[in-house]
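A.B. asks: I'd like to go over a predicted model; first the sequence, then the structure.
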Amino acid sequence: MPTLNLQVSSGADDGDTGEGAFSNSDSDCWVGRTWSDWDSFFRFTGVSGLSGATINSADFIVRNFWEGPDHVRDFRIYADDSAAPTAPTDAASHSGKTRTTAYTDVTGPATPFWAEGVSYTFSVTSVIQELADSYDPSAIQILFDNDASANYGNVRWWAYDGDSASAAKLDIDYTAGGGGTAVPVFAHHYRRMKAA
């Protein structure tokens, strides 16, 4: 089965927004809550072959920059509902992104921290399947949102500008979509003979 092994490949393709601020050039991407929600984005380019595909598995992988938060946290992972999403350039363009209907719920660890330097894998199979059902995507943008939790604290993921090798990854295993129903060769000959 074909696979796509993608990684954020530009500093402008990951970042975060919160408290009215926006950044796509920091060392890390925040998700959680301080005085307001913090949300992150991660854009993957070089996507092809997913139109009409069956997504067998899709894993979104991020590496923790800093341990935290010290509360149980709830998050949701969506994708930008677009065939060729562009990276946000400010807080307004980030919040204005249309999220997929499908999402992955994430609950942070209760005892008590995400481990610093550890990579975490989240299944986003249903999210990517929605894109494959709707588009022939040339890029995929993951939107990692705080899920309206009132608890304070953030989890922080490595960004491309902090360490390109630790930037977020997206691994997709899929079965290519069909190209329609083939007409047997003898049927073509039959039609030609009948028309003669």
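C.D. replies: Thanks, I have it. All values derive from a computational prediction rather than experimental measurement.

A.B. asks: Give the pairing partners of the top strand by length along the chain; include direction for each.
C.D. replies: Ranked by residue count under DSSP state E, the longest strand found in the chain is strand 54-66. Neighbouring strands of strand 54-66 in its sheet, by DSSP bridges, are strand 119-123 (antiparallel), strand 153-158 (antiparallel), strand 169-175 (antiparallel).

A.B. asks: Mind giving me the packing neighbours of the helix or strand hosting Ala79?
C.D. replies: If you go by DSSP states H and E, Ala79 is part of strand 74-79. Under the contact criterion of 3 or more Cβ pairs under 8 Å, 6 or more residues apart in numbering; DSSP states H and E, strand 74-79 touches strand 104-107, helix 125-134, strand 139-146. Yep, even glycine has a C-beta here, placed from its N, CA and C like the rest.

A.B. asks: Give me the buried positions along it.
C.D. replies: Asp74, Phe75, Arg76, Ile77, Tyr78, Ala79 (16 or more other Cβ atoms under 10 Å).

A.B. asks: What of stretch 58-65?
C.D. replies: For stretch 58-65, by 16+ other Cβ under 10 Å, it's Ala58, Phe60, Val62, Arg63, Asn64, Phe65.

A.B. asks: Alpha carbons only: can I get that stretch in PDB?
C.D. replies: C-alpha atoms of stretch 58-65 as PDB (Å, rounded to 0.1, in the frame of the first residue of the first chain):
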ATOM      1  CA  ALA A  58      -2.900   8.500   9.400                       C
ATOM      2  CA  ASP A  59      -0.700   9.500  12.300                       C
ATOM      3  CA  PHE A  60       0.200  13.000  13.400                       C
ATOM      4  CA  ILE A  61       3.400  13.100  15.300                       C
ATOM      5  CA  VAL A  62       4.700  16.000  17.500                       C
ATOM      6  CA  ARG A  63       7.700  16.200  19.800                       C
ATOM      7  CA  ASN A  64       7.200  17.900  23.200                       C
ATOM      8  CA  PHE A  65       9.300  21.000  23.700                       C
END
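
A.B. asks: what about the strands paired with strand 54-66, which gets the closest to Asp13?
C.D. replies: Proximity to Asp13 (Cβ to Cβ) singles out strand 169-175 among the strands paired with strand 54-66, at 11.6 Å.

A.B. asks: For the closest one, the averaged confidence score.
C.D. replies: Averaging pLDDT along strand 169-175 yields 98.

A.B. asks: okay, the angle between that strand and strand 139-146?
C.D. replies: 120 degrees (axes from the mean of the first three to the mean of the last three Cα atoms, to 10 degrees).

A.B. asks: any idea how far Gly49 is from the spatially most central residue of the chain?
C.D. replies: Geometric centre of the chain, nearest residue: Ile142, 2.7 Å, by Cα atoms, centre = their mean. Taking Cβ to Cβ, to the nearest Å as the measure, Ile142 falls 19 Å from Gly49.
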